[in-house]
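Trainee: Need the 3D shape of this:
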Amino acid sequence: MALEFTDANFQTEVLDSDKLTVVDFWAEWCGPCRAIGPVIEELSKDYAGKVNIGKVNVDVNPQISIDYGITSIPAILFIKGGQVVDKQVGAVPKSVLEKKIQANL
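Mentor: Here you go, the predicted structure:
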C-alpha cells in the first residue's frame, strides 16, 4: 500500500531515505489524480521493499507542494539521496512510471 507523506514526516520518510522514493502529489478533487491512484497502489506492491512509494495530499500538506514548486497535479517526483532525480506531470500509463523507476534504481 502506498505510504502517506506529510509536511511532518517528509524529511524522515523521503529525504533521509536511502531508497528511491516516488512521491505522487494529488488532491481529492483532481480527476486525473484519481485515475492514476490505482497505478500508484500497484507500483507500491510491485516494488515493495525496493522503492518507497507514497502520496502527498496537496490540500492537507501545502508546504511540501510550495517547497517543490508543484503547480499542476498529478505531479510525481522521483527522489533519491534527498534530490529530485526525475519528474512526471500529468496522468500517464504505468509503463512510463516503471521506466522512470528502473532508470533511477
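Trainee: Just the CA atoms of the longest helix seen in the chain, as CSV, please.
Mentor: If you go by DSSP state H, the chain has its longest helix at helix 31-46. Presented in CSV, the C-alpha positions along helix 31-46 are these (Å, rounded to 0.1, in the frame of the first residue of the first chain):
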residue,chain,number,x,y,z
GLY,A,31,-9.9,13.7,-11.7
PRO,A,32,-6.5,12.7,-13.3
CYS,A,33,-5.2,12.2,-9.8
ARG,A,34,-7.9,9.7,-9.0
ALA,A,35,-7.3,8.0,-12.3
ILE,A,36,-3.6,7.5,-11.5
GLY,A,37,-4.2,6.5,-7.9
PRO,A,38,-4.7,2.7,-8.6
VAL,A,39,-1.4,2.8,-10.7
ILE,A,40,0.5,4.2,-7.7
GLU,A,41,-1.0,1.5,-5.5
GLU,A,42,0.0,-1.2,-8.0
LEU,A,43,3.6,0.1,-8.2
SER,A,44,3.8,0.2,-4.3
LYS,A,45,3.0,-3.5,-4.3
ASP,A,46,5.3,-4.3,-7.3
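Trainee: Other residues contacting it?
Mentor: Contacts with helix 31-46, where a contact means C-beta atoms under 8 Å, 6 or more residues apart in numbering, come from 1-3, 22, 24, 26-28, 51, 53-55, 73-74, 76, 90-94, 97-98, 101. Just so you know, the C-beta spots here come from the backbone N, C-alpha and C atoms, and that holds for glycine as well.
Trainee: Give me the most central residue, this protein.
Mentor: residue 23 (1.4 Å; C-alpha atoms, centre = their mean).
Trainee: wait, doesn't residue 7 sit right on residue 63?
Mentor: Yes. Counting by C-beta atoms under 8 Å, a contact exists between residue 7 and residue 63, whose distance comes to 4.6 Å.
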